[in-house]
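**Q** From the sequence below, what's the structure:
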Amino acid sequence: MISAVEVELPDAAATVVYGATLSRALGNSGVVYLSGTLGAGKTALVRALLRARGVTGTVRSPTYTLLECYETAAGRVLHLDLYRLADPEELAFIGAEEIGASDVLSLIEWPQRGAGFLPAPDLELHLAVCAATSGRRLTVTAHTGRGQAVVAALAPDDTR
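**A** Numbers count the residues shown, from 1 in each chain. Coordinates of the predicted model:
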């Protein structure tokens, strides 16, 4: 079974398309860690995923609020950006107890800042800037059976 897939995202339009693909593959629950340097495109990918789920309002990185919740037709989505988190225990005070619930999709940027409090991820999405093209390389890695099902759905037909 495939446990990881790599995708080239040459521009913003490709990120939007892949966000929709990812949204369909994820379903309505799971824990997804997003990693990469500042400016790698983590929030842009989350925004694309949320747009695919019908969110029309402003989708900002919750850098200062830490958590934004979206009610979508596919279910509740939590978007966390833990870049400014000083202590993982702070998550208990912002209503993050829903992370990992069976009916919630949790998208977590800078998850290493919440170590010890966050549940293990089903998937990790790692974004890297490609200096030669100014595009992005996305690596999707499964960490659970649920994650493997998503990776299998995302894999190109010739690798299945």
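**Q** OK, contacts around the closest residue to Ser102 other than its chain neighbours?
**A** Counting by Cβ to Cβ, 6 or more residues apart in numbering, Ser102 lies nearest to Ser29, which is 5.7 Å off, once chain neighbours are set aside. All C-beta spots, glycine's among them, are computed from the backbone N, C-alpha and C. By Cβ atoms under 8 Å, 6 or more residues apart in numbering, the residues touching Ser29 are Gly75, Ala101, Ser102, Asp103, Val104, Leu105.
**Q** Correct me if wrong: the fifth one contacts Val77.
**A** So the one you mean is Val104. Yes: contact between Val104 and Val77 holds when scored by Cβ atoms under 8 Å: they sit 7.4 Å apart.
**Q** next SSE after the helix or strand Val46 falls within?
**A** Taking DSSP states H and E as the definition, Val46 sits inside helix 42-52. Toward the C-terminal end, the helix or strand that comes next after helix 42-52 (DSSP H and E) is strand 67-72.
**Q** ok so, going back, which of Val104 and Val77 has more neighbours?
**A** Taking neighbours as other Cβ atoms under 10 Å, Val104 and Val77 compare with Val77 leading, 23 against 17.
**Q** Could you tell me whether the more buried one really is in a strand?
**A** Yes: judged by DSSP: H, G, I helix; E, B strand; the rest coil, Val77 forms part of a strand.
**Q** Please compute how far the lengthiest helix in the chain lies from its chain's middle.
**A** Taking DSSP state H as the assignment, the helix of the chain that covers the most residues is helix 12-26. The chain centre lies 11 Å from the centre of helix 12-26; the measure is Cα atoms, centre = their mean, to the nearest Å.
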